[in-house]
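In: got a predicted model here, sequence first, then my questions.
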Amino acid sequence: MNLPNKLTIFRIILIPVFMILLSWPGEEAAVFMPLPEWNWVAAALVFAIACITDFLDGQIARRQKLVTNFGKFFDPLADKLLVMTALIYLTAFLQVPAWVTTVIVVRELAVTGLRTLIVENNGTVLAAAWPGKIKTFTQMFAILFLYLKDWPFALVNFPLGEILLYIAVFFTVYSGIDYFWQNRSVFSDGL
């Protein structure tokens, strides 16, 4: 197994670590400082490490010509698992509206289904397009700042995480429509 694929598997392994940290009881942050609780900071750190592995595995795979079908399939799947887990916890903690998480989860499941159909019909794996990459980037940064409670931007009352979240919702919907439009031929037998 090559290094990019090992990084993808490592990212998947970090998800339960992330969940354990969020399930650990935290202490209340000091009233005078808008800092998040220690377990949220630790979870954000694990999430950031997972995001960095996403960037690294793609860079290494392209530079060293190590692009594989395993990587094309599991890299976006690892991203989806990480993002959906983080959003579900944020929704459970009342930090993200349920409709936002629902839109993102439904889109992710629909595109995963589309990828499966394309593999069955063409024998090829649907690689991520630019709108999907922007979607992933904005989702990951939104989640990171939401877990950090917008620190250090909270010091000036700037809701960066929330702003990035709604940008991510836009690109989530846009990229989902784009994937289905670009691959509409998969459904030609039913139309």
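Out: In hand now; what should we look at?

In: C-alpha from now on. contacts and neighbour counts both.
Out: Fine.

In: now do the helices in this structure.
Out: 3-23, 38-63, 69-92, 98-122, 130-147, 160-182 (DSSP state H).

In: tell me which of those sits most buried.
Out: Among those, helix 130-147 has the highest mean neighbour count (mean count of other C-alpha atoms under 10 Å), at a mean of 21.

In: what sits against the spatially most central residue of the chain?
Out: Centroid-nearest residue in the chain, with C-alpha atoms, centre = their mean: residue 83, separated by 3.3 Å. For residue 83, the contact set (C-alpha atoms under 8 Å, 6 or more residues apart in numbering) comprises 139-140, 143.

In: let's go with 7 Å and repeat that
Out: residue 140 (C-alpha atoms under 7 Å, 6 or more residues apart in numbering).

In: for residue 46, give its distance to residue 151.
Out: Here the criterion is C-alpha to C-alpha, to the nearest Å. By it, residue 46 lies 16 Å from residue 151.

In: before we move on, what about residue 181?
Out: Counting by C-alpha to C-alpha, the gap from residue 181 to residue 151 is 38 Å.

In: residue 164 too?
Out: Counting by C-alpha to C-alpha, the gap from residue 164 to residue 151 is 14 Å.

In: circling back to that earlier point, quick one: pLDDT of the residue nearest to the centre of the chain?
Out: According to the prediction, residue 83 has pLDDT 95.

In: quick revisit: which one of the helices of the chain lies closest to residue 189?
Out: helix 98-122 (11.2 Å; C-alpha to C-alpha).

In: gap between the closest one and the chain center?
Out: 13 Å (C-alpha atoms, centre = their mean, to the nearest Å).

In: next one: stretch 67-83
Out: Distance of stretch 67-83 from the chain centroid (C-alpha atoms, centre = their mean) equals 11 Å.

In: dump the C-alpha coordinates for it into PDB.
Out: Below are the C-alpha coordinates for stretch 67-83, written out as PDB (Å, rounded to 0.1, in the frame of the first residue of the first chain):
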ATOM      1  CA  VAL A  67      -3.000   7.800  -8.000                       C
ATOM      2  CA  THR A  68      -5.000   4.600  -7.500                       C
ATOM      3  CA  ASN A  69      -8.600   3.600  -7.700                       C
ATOM      4  CA  PHE A  70      -8.400   2.900  -4.000                       C
ATOM      5  CA  GLY A  71      -7.300   6.500  -3.400                       C
ATOM      6  CA  LYS A  72      -9.900   8.000  -5.800                       C
ATOM      7  CA  PHE A  73     -12.600   6.100  -3.900                       C
ATOM      8  CA  PHE A  74     -11.500   6.100  -0.300                       C
ATOM      9  CA  ASP A  75     -10.000   9.600  -0.100                       C
ATOM     10  CA  PRO A  76     -13.300  11.400  -0.700                       C
ATOM     11  CA  LEU A  77     -15.100   8.700   1.400                       C
ATOM     12  CA  ALA A  78     -12.700   9.500   4.300                       C
ATOM     13  CA  ASP A  79     -13.500  13.200   3.900                       C
ATOM     14  CA  LYS A  80     -17.200  12.600   3.900                       C
ATOM     15  CA  LEU A  81     -17.000  10.400   7.000                       C
ATOM     16  CA  LEU A  82     -14.900  13.000   8.800                       C
ATOM     17  CA  VAL A  83     -17.100  15.900   7.800                       C
END
